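Engineer: got a predicted model here, sequence first, then my questions.
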Amino acid sequence: MMDAIQFIPHAKPMVFVDHLIEANDVFAIAELYIRPELMFCDADGLPTWASIELMAQTVSAYAGHKGQLQGAAPKVGFLLGTRKMQLPCAYFALGNTVSIRVEQYYLHEGLGQFHCEIKYQEHTFSAMLSVFEPAEFDGNIGNLG
């Protein structure tokens, strides 16, 4: 189990992945403990509409882990969109842990697609995420390279 923050270019409070449990060339598994200090949490817990961010940050951790193995620092990536998002309940309750699995389906010249699943209690949340990691990025959206 590895601290996920070392693999993603985010800072608190915008971090939604606690640990990278497993990562290889094809997939990664991360987890998040649902706690009140998480951004977007309320008395009912974390709204499941935040699932897309949990999935995207797990993709980021996957890419950051692969990059770290090659001696590179975590890079900025962009979530382009999702399809086939399934949200079987409204909240992840406080005090529970969710498991997030992402599997690379396609990757070419920075453009990628990942099949993502979140396991929570008896529920499975799923989606396909399209992402883009530019070769170089200076912080200016108009200069994606």
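Structural biologist: Arrived safely, thanks for sending.

Engineer: all contacts plus neighbour counts: C-alpha atoms, from now on.
Structural biologist: Fine.

Engineer: tell me the SS of Gln57?
Structural biologist: Assigned by DSSP: H, G, I helix; E, B strand; the rest coil, the conformation of Gln57 is helix.

Engineer: that one is in contact with Val17, isn't it?
Structural biologist: Yes - contact criterion Cα atoms under 8 Å: Gln57 and Val17 qualify, at 6.6 Å.

Engineer: can you show me the helices along the chain?
Structural biologist: 51-69 (DSSP state H).

Engineer: where in it is pLDDT low?
Structural biologist: Where the chain drops to pLDDT under 70, the residues are 137-145.

Engineer: tally of neighbours for Leu129?
Structural biologist: Counted with other Cα atoms under 10 Å, the neighbours of Leu129 add up to 24.

Engineer: quick check: the closest residue to Pro74 other than its chain neighbours vs Val15, distance?
Structural biologist: Nearest non-adjacent residue to Pro74, counting by Cα to Cα, 6 or more residues apart in numbering: Gly64, 4.7 Å away. As defined by Cα to Cα, to the nearest Å, Gly64 lies at a distance of 14 Å from Val15.

Engineer: of those two, which one has the most company?
Structural biologist: Neighbours were counted for Gly64 and for Val15 using other Cα under 10 Å; Gly64 has more, 23 against 18.

Engineer: what number of residues lie near Ala50?
Structural biologist: Using other Cα under 10 Å, Ala50 has 15 other residues around it.

Engineer: perfect, I'm done here.
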